Structures are given as C-alpha cells and as structure tokens.
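Asks: Make a model of this:
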Amino acid sequence: MEKFELNILGCGSALPTTRHFPTSQVVNLREKLFMIDCGEGAQLQFRKSHLKFTRLNHIFISHQHGDHCFGLLGLISTLGMLGRTADLHIHSPQGMKEIFIPVFAHFCRGLLFKVIFDEYDARKSVLIYEDRSLTVTTIPLRHRIPCSGFLFEEKRTPNHLNREMLDFYHVPISELNKIKNGANFMTSEGEIIPNDVLTFPSDLPRKYAYCSDTLPLDTVTEQVKGVDLLFHEATFSQSEEVRAKETFHSTAAQAAQIALEAEVGQLVIGHYSARYNDEHVLFNEASAIFPHTILAEENLCIPITYKGK
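Replies: Predicted structure coming up:
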C-alpha cells in the first residue's frame, strides 16, 4: 500500500505554551507533502519530523487567525535562503493575498520562486486541488471569521496485474496497459478472458478530513462521513461548553460525537486550550464516546489506513 500519512507539527491553540506549538500538520501522500495550516514555528517542527522542504509545494490555510498562519513568513524566508526555485501554492480564504504579499515583499526579497495564492470562498464546499493521486475539497466550518476544513481523498489506482495469468494466456506487452485499466483480453482463438481473471483489485482509496476551529456542525458530520481518519479540534472539555460556544470552538465530547455519527475509522483530537497541563482529560472524555481516539502530539506520525481493515 502506498504511503499516506499525517504528521502533526503543532496541536496547541492561540495562546503560546512551552508544551505545544500552534496548529500545523503535513499530509504525506507518496512522498508529496501538503501542509495544513502554518502556525508559528512550523518550519522547526517540519525539520524535527524529518520532512523534506523540496517535497512541499502546497499549503492549505483554514482561516486568518494568527495561530494558523504566523509561520508562513518564516517558512517562506527559509525556503528562499535554501535556493528554492519551484512555485509554492498557498490555498487560502479570500483576503490573505492582500495581507501577505506586501509582507513577503519586504522580508523575503529576491525569492527565486513564486508564491501563488489560490484563494477560495470558505462559505462553500469546493474542489481546490487535484492531481493524478488526490483531490482536496473544502469543508465549510463555523468560526468567528470565515473558516474551512479540508477533505483529502486518494484516487483509486488501476488494478494490479496477475502475472501468472497473463503468462498463461500469453498476453502481449502491448495489451497490458489496457488490461490494467479494466479491459478484457481476446486470445488468438477468439476467447474472451475477463479482466478480473487477469488482475487483482487495487487497494481501496483512503480519506482524511481536517476540521479545526469550529462549532460542532451537522453539515461537517455529513461531509466527513466514513473517512478513514478525522482530525477535529477539541479545544475544551465538556465542563467548558459555554466557553467553547462563546469562542466558536468544540469540546472533546462534541468532536467524538461527530466521529461516532460520521462512522469514521479513527479520530485525532487537538488544538488544545492552554489551560490544560494534561490533555488526557480531553482524551478520556472523547474516547468514552468514540474509543478509536488518538491524542495529537508534536511530531506524531499517523498512518492513514482504510477503515475497513
């Protein structure tokens, strides 16, 4: 199975602590890296996680609060000092380009690469990225400002060839690509050999959903239905439900309830309030509702596996 991993770079919320970095993650799909949010110090955590800057070409920003984007300036400055030449795409809510382009122009002069802002409307669910292996779709969230989560969906790969059966039926090399993409094969005697005799099914595609900084929403539950791994913010415990609602955040119990109703494979909780010196109070609360809960921590790498396995 091809690599599909989630790397946690930071899992704290807005108020800095000595225990956690602000929010940032990296999705690794077949050694192509996709950063989600870029809190302060993200580039340091990037190195600690032994990730390669050269494999990062796309950054997805959920919203314009500092703990989710203050790390952009440092990261781009470092990429410039490393001599990067490949374009860097920043997928962000509308308005970020206007804020950051003048800052980059002042502090990151002489870049050999382009920083391209691909802005989206955070109020809608839209496809914002696609390549041969992956699609990324936004998940509208409800926060104090426009905010969006992201759904990463792996594309299904062609079937695997059954070498033994291909040799048995003397299938020529010129036919292999057609068979791999679903075609049947006709022998020289006119016999039709079904595709499922000549191939093995490929691995089922996997899905990862990221939802940070939001009130709990039924629409989120619907959009993340059946994903293999869900990250959902759990800023507060249920005892702070009033505070969570005032600040447009979720509790650990609410995150777990969404995971349960959406029938996801695993839940990762994070974006912890600085008031907690031990996040196990949040873990215990969430896991009591949804047992397959993981507590996010810096430099944790989580393989994304098909939830049916």
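Asks: Quick check: which element contains the residue of the chain positioned farthest from its centre?
Replies: Computed with CA atoms, centre = their mean, the maximum C-alpha offset from the centroid of the chain is found at Glu189, amounting to 50.3 Å. Taking DSSP states H and E as the criterion, no element holds Glu189; it sits outside all helices and strands.
Asks: And it, how far from Ala14?
Replies: According to CB to CB, to the nearest Å, Glu189 stands 71 Å off from Ala14. (Glycine included, C-beta is placed from N, CA and C.)
Asks: can you pull out the helices in the stretch 201-309 of the chain?
Replies: In the stretch 201-309 of the chain, the helices defined using DSSP state H, counting those that start in this stretch lie at 218-223, 241-246, 252-262, 280-289.
Asks: Deepest in the core, which of those is it.
Replies: Per-stretch averages of neighbours, counted by mean count of other CB atoms under 10 Å, single out helix 252-262 among the helices of the stretch 201-309 of the chain, with a mean of 23.
Asks: what sits up against that one?
Replies: Outside helix 252-262, the residues within contact range by CB atoms under 8 Å, 6 or more residues apart in numbering are 211, 216, 220-222, 224-227, 230, 232-234, 236-238, 244, 267, 269, 282-283, 285-290, 292-293.
Asks: Please compute how far that helix lies from its chain's middle.
Replies: If you compare the mean C-alpha spot of helix 252-262 with that of the full chain, they lie 18 Å apart, counting by CA atoms, centre = their mean, to the nearest Å.
Asks: what angle do that helix and helix 280-289 make?
Replies: 30 degrees (axes from the mean of the first three to the mean of the last three CA atoms, to 10 degrees).
Asks: Using PDB, write out every CA atom in helix 252-262.
Replies: Output of helix 252-262 as PDB, limited to C-alpha atoms (Å, rounded to 0.1, in the frame of the first residue of the first chain):
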ATOM      1  CA  ALA A 252     -13.700  16.900  23.100                       C
ATOM      2  CA  ALA A 253     -17.100  15.200  23.700                       C
ATOM      3  CA  GLN A 254     -18.600  17.100  20.700                       C
ATOM      4  CA  ALA A 255     -15.700  16.100  18.500                       C
ATOM      5  CA  ALA A 256     -16.100  12.500  19.500                       C
ATOM      6  CA  GLN A 257     -19.900  12.600  18.800                       C
ATOM      7  CA  ILE A 258     -19.200  13.800  15.300                       C
ATOM      8  CA  ALA A 259     -16.700  11.000  14.700                       C
ATOM      9  CA  LEU A 260     -19.300   8.500  16.100                       C
ATOM     10  CA  GLU A 261     -22.200   9.800  13.900                       C
ATOM     11  CA  ALA A 262     -19.900  10.000  10.800                       C
END
